[in-house]
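Asks: Return a 3D structure for these sequence lines:
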Amino acid sequence: MKVGLIGDHSFIVTKDMLASAAGSGTVAVFATPVMIAQMEGTAMRSVMPHLAEGQATVGTYLDVHHTAATPEGMKVSIHTELTGISDNGRFLTFKVEARDECGVIGSGTHERAVITIDRFMEKVNAKKTQ
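Replies: Here you go, the predicted model:
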């Protein structure tokens, strides 16, 4: 895995992606939490082929601005770029951007942690016994 790794994903905004349907608002426009989920998913998929078997990534940080509204039926494109890898290789930093057919609608920074799935889930499930 190297800095500069790119992720791209495009889709059409559907009714279930609207703020009024997602529960994040009352207006029929592309929902911020859906935009963020698409950014996270695009970043995640961009690095998956570079992980060892039994590894995954989890989101740990987001600093994103949603700057323009997008109506149902319009195409949105997500672009991510891996801009940093921690010295121990466990933390990944991405530049993220969303565009609709008229221009940029959101941008920011996203960080993910590389985890070993079994060990991670053991720690998570241990919370049930506390």
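
Asks: rest of the way, CA atoms for contacts and neighbours
Replies: Fine.

Asks: Run a quick neighbour tally on Asp100.
Replies: Asp100 is flanked by 21 other residues according to other Cα atoms under 10 Å.

Asks: My error: substitute Val114 in the last question.
Replies: Other residues lying near Val114 total 18 when counted by other Cα under 10 Å.

Asks: OK, contacts around it?
Replies: The neighbourhood of Val114, defined by Cα atoms under 8 Å, 6 or more residues apart in numbering, consists of Gln55, Ala56, Thr57, Val58, Gly89, Arg90, Phe91, Leu92.

Asks: Mind checking the pLDDT average for the longest helix belonging to the chain?
Replies: Across the chain, the helix with the greatest residue count (assigned by DSSP state H) is helix 32-47. When the per-residue pLDDT values of helix 32-47 are averaged, the result is 98.

Asks: Likewise for stretch 76-85?
Replies: Stretch 76-85 shows a mean pLDDT of 98 in the predicted model.

Asks: what's the helix or strand for the nearest residue to Val64 once chain neighbours are set aside?
Replies: The shortest distance from Val64 to any residue that is not its chain neighbour, by Cα to Cα, 6 or more residues apart in numbering, is 4.2 Å, and that residue is Gly108. In this structure, Gly108 sits in strand 103-116 according to DSSP states H and E.
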